[in-house]
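Participant: After the sequence you'll find the predicted model.
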Amino acid sequence: MQLASVDRAAIRFLAELQDFFALSGQALRRIFQRPYYYRDFAIQFDKLGFGSIVICFLTGLFTGMVMALQFMIQLKPFAATSYIGGMVAVTMIKELGPVLSALMVAGRVGSAITAELGTMVVTEQVDAMRVEGTDIIQRLVTPRLKAMLLAMPLLTIMTDAVSLLGGYLIAAGYGISPTMYLSSFTQFLFPIDYFEGLIKPLAFGGLITMIACHTGLTTSGGAEGVGAAAKRAVVVASVTVLMVDFFLAKLIVVFR
């Protein structure tokens, strides 16, 4: 009996994974197909991108400040406080900036997309659109995917920049000059590190959007089902971001 339950769970998981990749592939193909729904794209970019600025700003600011404070405590006994800027920069740009901003966006945007699409499904709005001949993926999924593919790297860049500013605010209190703070960047960062800092949020943005859209479009069970789907989307997206971050970092290390 237990073995049969495991088999059913495995089959259900593989079926959902297949549906997820099928939906993702169709959404990616439709990015370059008409109609482009520019208005829907602009609305989603405003909601998903501009709406996440404050949370990413605060995340970057306080993360940079606390990192600089901890690095300062550790480096001060070795008289190596001049390296604090480079250490904050390499940590934020390569890892924490993309990951933290993605986790914040997954919590805010992932749940919103899932709840919105899930509500449309349980209230039969999606079925009505299908009856009218509307391409659901082109109308509902692709504009959100395009918006996140553009917004996520921009939000990450802002998070990185604000974190470096926050780090300097702490470093300045210990007598670190702006020149000393900035000059240490070149000792720790290389061109491939900036590339890594942009590739990761691009991948994270696509994953968060597609997980949320897939979960929302497969919602059932009324209002209770919408709440459960939103919670599941945030958990799955957050865990997936952390997993993909490791594999991307490992892949980039191979090609360094």
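Facilitator: It's in.
Participant: OK, contacts around the residue nearest to residue 85 when sequence neighbours are not counted?
Facilitator: Nearest residue to residue 85 in three dimensions, chain neighbours excluded: residue 181, at 3.8 Å (C-beta to C-beta, 6 or more residues apart in numbering). The C-beta positions use only the backbone N, C-alpha and C, and glycine is treated the same way. Residue 181 makes contacts with 84, 85, 167, 168, 171, 172, as judged by C-beta atoms under 8 Å, 6 or more residues apart in numbering.
Participant: among the residues you listed, who's most crowded?
Facilitator: residue 167 (30 neighbours; other C-beta atoms under 10 Å).
Participant: other SSEs contacting the helix or strand hosting that residue?
Facilitator: Assigned by DSSP states H and E, residue 167 belongs to helix 142-172. Counting contacts by 3 or more C-beta pairs under 8 Å, 6 or more residues apart in numbering; DSSP states H and E, helix 142-172 is packed against helix 2-30, helix 38-44, helix 53-75, helix 84-91, helix 97-105, helix 178-183, helix 191-217.
Participant: Which residues does the helix or strand where residue 115 lies contact?
Facilitator: Here residue 115, judged by DSSP H and E, is contained in helix 111-122. Here helix 111-122 makes contact (C-beta under 8 Å, 6+ apart) with 47-48, 125-126, 140, 144, 209, 212-213, 215-223, 225-227, 229-234.
Participant: With stretch 163-177 instead?
Facilitator: 60-65, 67-69, 72, 76, 81-82, 84-85, 88-89, 92, 96-97, 178, 181.
Participant: Could you write me a ChimeraX select line covering just the buried ones among the residues you listed?
Facilitator: The ChimeraX command for the buried members of the contacts of stretch 163-177 (criterion: 16 or more other C-beta atoms under 10 Å) is given here:
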select :60,61,63,64,65,67,68,69,72,81,82,84,85,88,89,92,96,97,181
